[in-house]
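Enquirer: build me a structure from this.
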Amino acid sequence: MRPLLAAVALLAVALGVAGLVYGEADDSPGLQLLSALLVIGAVAIGVRLRRRAR
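Expert: Next up, the predicted model:
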């Protein structure tokens, strides 16, 4: 189960970064905010998984 969650977290980070880039090109502050929240949440999940594994 943990490798699946780690893969989903990595996918969410990649999607969030792509959203940030697209939001910057499109000049869309809402998309940039949602993408930043997605990246922050995915990183938090990844850190939490890493801490619990130890």
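Enquirer: what separates the helix or strand hosting Arg50 from the chain centre, distance-wise?
Expert: Using DSSP states H and E, Arg50 maps to helix 29-53. Relative to its chain's centre, helix 29-53 lies at 4 Å (CA atoms, centre = their mean, to the nearest Å).
Enquirer: next, the buried residues of that helix.
Expert: Neighbour counts over helix 29-53 (16 or more other CB atoms under 10 Å) mark 32, 35, 38-39, 42, 45-46 as buried. Using the backbone N, CA and C atoms, a C-beta is placed for each residue, glycine as well.
Enquirer: Leu11: which of these is nearest?
Expert: Ala42 (8.2 Å; CB to CB).
Enquirer: wait, isn't that closest one in contact with Ala12?
Expert: Yes: between Ala42 and Ala12 there is a contact under CB atoms under 8 Å: 3.7 Å.
Enquirer: output the contacting helices and strands for the helix holding Arg50.
Expert: Applying 3 or more CB pairs under 8 Å, 6 or more residues apart in numbering; DSSP states H and E, we find helix 29-53 packed against helix 2-26.
Enquirer: report all helices and strands that the helix it packs on contacts.
Expert: helix 29-53.
Enquirer: now do the helix it packs on and helix 2-26, the angle between them.
Expert: Orientation check (axes from the mean of the first three to the mean of the last three CA atoms, to 10 degrees): helix 29-53 against helix 2-26 gives 160 degrees.
Enquirer: average pLDDT for helix 29-53?
Expert: For helix 29-53, mean pLDDT rounds to 90.
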